[in-house]
Every structure is written in structure tokens, then in C-alpha cells.
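Peer 1: Predicted model and sequence below, questions to follow.
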Amino acid sequence: MIEELDAIQSEALNAVATVTDDAGLEALRIGFLGKKGKLTAASAGMRDVPKEQKKNVGQKLNETRQAITAALETKGAELIAAKDAAQFEGIDPTLPGRTLPKGAQHPLTLVQDEAVQILRRMGFALAEGPEIETEWHCFDALNTPADHPARNESDTFYFENGKLLRTHTSSVQIRTMEKQAPPVRIIAPGSAFRRDEIDATHLSAFHQLEGLYVDTGVTLADLKGTLEFFFRELFGEDTEVRFRPHFFPFTEPSFEVDLKLHATGQAAKWIEIAGCGMVDPAVLQSVSESRKDDAFTADGISGFAFGMGIDRLAMIKYGVPDLRLLIENDVRFLGQFA
Ligand code: PHE
């Protein structure tokens with residue numbers, strides 16, 4: 001029986017050595033080690049082995065099984081390695097991976113997010129309104145009479161149905177007060193449109209950030225403190241903020257806000273950045289008429305509003321010399337913000 005086992009082992013090892021695929025290897029496993037395999041058949045002969053030889057022959061049987069099993073396993077590993085190698089044919093797997101171009105946020109999105117974050121920390125909630133607005137929300141309710149120059153055909157984009165592309169985000173003040181009673185503390189970033197001649201500092205579609213706070217006993221000191229804090233957070237602690245008397249139909253008194261920055265490395269000079277003021281009682285009156293209640297005309301209710309150009313904030317924040325760079329989407333420009 002020892003010879004028979006030797007013969008089976010060498011037959012198996014030779015066969016394994018020449019096999020070239022998984023299927024062939026599996027056939028050999030079954031042919032030798034399977035239930036009806038040659039080794040299994042041979043082991044039935046153990047019955048007839050004389051008692052004193054059983055130990056030796058049994059050991060031989062185990063060795064044979066181990067030798068065949070090991071050969072099958074080694075061959076299996078070799079076949080897998082060969083398959084992998086074939087896949088890498090012509091490819092150098094040690095080369096560094098290909099880097100995919102990384103996207104980045106647009107500078108307008110970056111400043112807007114930062115501005116919104118600062119104001120949210122101060123308790124302002126996000127609000128929004130439509131870009132296609134009614135004349136009432138954009139002008140009348142904001143105490144801007146029909147003969148005001150802002151309402152001119154040549155300054156505003158009108159639709160045939162009488163609606164228009166909002167010329168400022170101040171319409172969101174009205175939209176918000178129509179549906180929410182005081183206290184109202186909102187900011188509204190969004191697009192605004194004017195028939196401006198496009199140049200380095202003007203675009204016909206631009207972005208504004210509107211703010212509105214109406215509550216009991218809101219004062220000019222609140223407005224001033226809010227905007228000063230906001231601009232120092234955004235542009236640095238040593239930013240100087242100046243309020244210059246101005247006129248807006250929907251605020252009284254009204255101011256333009258100028259900034260003097262020291263952090264940009266450029267010669268410090270005053271830059272106009274925002275419009276603001278105390279909400280005009282005429283505006284609160286329009287809202288009351290629309291709401292049919294006195295939530296905004298009740299004793300002691302007052303508020304402030306402000307509006308600024310987000311594009312202008314980006315120009316200052318990132319030293320962008322020309323507004324048009326912000327809308328041309330040249331990746332050489334945008335890539336600098338990645
Ligand atoms: N809406 C004004 C503008 O577009 C800015 C502004 C907003 C002024 C709120 C005062 C209060 O110029």
C-alpha cells in the first residue's frame with residue numbers, strides 16, 4: 001500500500017504542476033481528494049493492512065494527503081498571482097495616483113457665508129424673497145413714490161405684466177414683516193438687478209445682503225453697534241467705521257457707512273460699503289395696511305435696516321480690482337480661492 005500511495009502522490013504532484021487554470025485545479029482536487037477520489041479509494045485499503053503496520057501506513061496516508069493538499073494550495077496561489085500580474089500588464093502600479101482637480105467655493109459664496117455666520121451669531125435669521133418682484137414690494141411699500149428715479153424705465157428691468165427684477169433686497173423687509181410680527185431680526189442675502197452700464201465697479205446683476213431688526217425700543221445705537229461689530233469681525237479689529245448722513249426713502253434718519261481698513265496692506269482710505277437707517281414710519285404704516293393689524297405701528301415699535309453689496313465685500317476682502325472677475329468664471333482667478 002505504501003507503493004500505491006507513493007504512486008498516487010507523484011501522479012498528483014505531476015498533474016498539479018502542469019495545470020493552468022482554476023477549473024483544472026479543482027478537477028484535480030476532486031480527482032484525488034474528493035469523496036470518490038483516488039486517495040480516498042486507496043485509504044479504504046487500510047482495512048486489510050496487518051495490525052502492526054497500521055501505524056506506519058496511517059502516517060504515510062496522512063503525509064500523502066498533506067503533500068497533495070499543499071501542492072494544490074501553492075498552485076492556487078500561483079494562479080491568482082498570475083491573474084493579478086496579467087491585469088497590471090503594461091501598467092506601473094508604483095506610479096503615484098492621478099490627482100483629480102479639486103473644486104472650490106466661489107469668492108462671493110465665501111464672503112457671503114462668513115457675513116451670514118457673523119450675523120447669525122448676533123441673532124439674525126435667514127430670510128428670502130423673490131427676485132421677480134411686484135412694484136409694491138420693491139418700491140411703494142418702501143416709501144418710494146412713482147416719481148422716484150429708481151423707478152425709471154432706464155434704471156430697472158420691467159416685465160410686461162408690471163413685475164420687475166428687484167433693484168435691491170429691501171423688498172425682503174416688506175415680505176418678512178407681512179408674515180411675521182415683531183420681534184423681527186433677519187438677514188437676506190440675494191441677487192439684485194439694475195440697468196447699469198457694466199464696468200469695473202458696476203454689474204447689472206449683483207448681490208446684496210439686507211438686514212432688518214424691528215422690536216420694542218430699537219435705537220440708532222443698536223444699528224451702529226451692530227454694524228461696527230459686524231465689519232470688525234469681517235475685516236479685522238482695527239477697521240474704522242464711519243456713518244455719514246444720507247437719504248433713503250425707506251429709512252429716517254439714513255446713513256451711508258464707510259470703512260477704513262488697515263489690514264489690507266494698501267494705503268488706508270475710506271470706502272463706501274453700506275446703506276442703513278432707522279425704518280421709516282411710512283414703511284411700517286404700509287406693512288400694517290397690508291397685514292390689517294397694528295403689529296408694526298403699535299406704541300414703542302421701531303427698527304433699523306441695512307443693505308450692502310456682497311460683491312463689494314468680496315472685492316475688499318480678497319483685493320479683487322475688477323467686479324467683472326467675479327462673474328467671468330476664469331479658473332485662473334477662481335483657482336486662487338481653492
Ligand atoms: N436698498 C438700499 C440700496 O440698495 C440699501 C439700504 C438698505 C439702505 C436698507 C437703507 C436700509 O442702496
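Peer 2: Thanks, I have it.

Peer 1: in the stretch 101-250 of the chain, which spans are strands?
Peer 2: 125-126, 132-133, 164-165, 184-193, 205-216, 240-248 (DSSP state E, counting those that start in this stretch).

Peer 1: any chance of these in a markdown table, with distance to Leu100 too?
Peer 2: The C-beta positions use only the backbone N, C-alpha and C, and glycine is treated the same way. A markdown table is the format used below for these (distance: least, CB to CB, whole Å):
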| stretch | distance to Leu100 |
| --- | --- |
| strand 125-126 | 33 |
| strand 132-133 | 38 |
| strand 164-165 | 38 |
| strand 184-193 | 31 |
| strand 205-216 | 30 |
| strand 240-248 | 43 |
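
Peer 1: For Asp280, which of those strands is the nearest?
Peer 2: strand 240-248 (8.2 Å; CB to CB).

Peer 1: helices or strands next to that closest one in the packing?
Peer 2: helix 220-235, strand 251-260, strand 270-279 (3 or more CB pairs under 8 Å, 6 or more residues apart in numbering; DSSP states H and E).

Peer 1: Make JSON lines out of the strands of the stretch 101-250 of the chain and add mean neighbour count.
Peer 2: Compiled in JSON lines, the strands of the stretch 101-250 of the chain are given as follows (neighbours: other CB atoms under 10 Å):
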{"stretch": "strand 125-126", "mean neighbour count": "12"}
{"stretch": "strand 132-133", "mean neighbour count": "18"}
{"stretch": "strand 164-165", "mean neighbour count": "20"}
{"stretch": "strand 184-193", "mean neighbour count": "21"}
{"stretch": "strand 205-216", "mean neighbour count": "21"}
{"stretch": "strand 240-248", "mean neighbour count": "15"}
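
Peer 1: Turn those strands into CSV, columns for distance to the ligand and mean pLDDT.
Peer 2: Below are the strands of the stretch 101-250 of the chain laid out as CSV (distance: least, CB to the nearest ligand atom, whole Å; pLDDT from 0 to 100):
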stretch, distance to the ligand, mean pLDDT
strand 125-126, 17, 98
strand 132-133, 13, 98
strand 164-165, 13, 96
strand 184-193, 7, 98
strand 205-216, 6, 97
strand 240-248, 4, 96
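
Peer 1: Compare the helices and strands packed on strand 240-248 and give me the one nearest the ligand.
Peer 2: Go through the helices and strands packed on strand 240-248 one by one with CB to the nearest ligand atom and the one that ends up closest to the ligand is strand 270-279, at 3.0 Å.

Peer 1: Enumerate the residues of this protein near the ligand.
Peer 2: Counting by CB under 6 Å from any ligand atom, the chain comes close to the ligand at His168, Ser170, Phe248, Thr251, Gly275, Cys276, Gly277, Ala305, Phe306, Gly307.

Peer 1: if we go to 8 Å?
Peer 2: Selection of the chain residues close to the ligand by CB under 8 Å from any ligand atom yields 167-170, 173, 192, 208, 210-212, 248, 250-251, 254, 274-277, 305-308.

Peer 1: what does the domain assignment say about this structure?
Peer 2: Split into domains by automatic domain parsing, the chain comes to 2-87, 107-337.

Peer 1: among these, which is the most enclosed?
Peer 2: domain 107-337 (a mean of 17; mean count of other CB atoms under 10 Å).

Peer 1: end to end, how far does that domain reach?
Peer 2: Start-to-end span of domain 107-337 (CA to CA, to the nearest Å) is 7 Å.

Peer 1: what about the residue nearest to Val16 when sequence neighbours are not counted, which helix or strand?
Peer 2: Counting by CB to CB, 6 or more residues apart in numbering, Val16 lies nearest to Ala71, which is 4.6 Å off, once chain neighbours are set aside. Ala71 belongs to helix 54-87 when assigned by DSSP states H and E.
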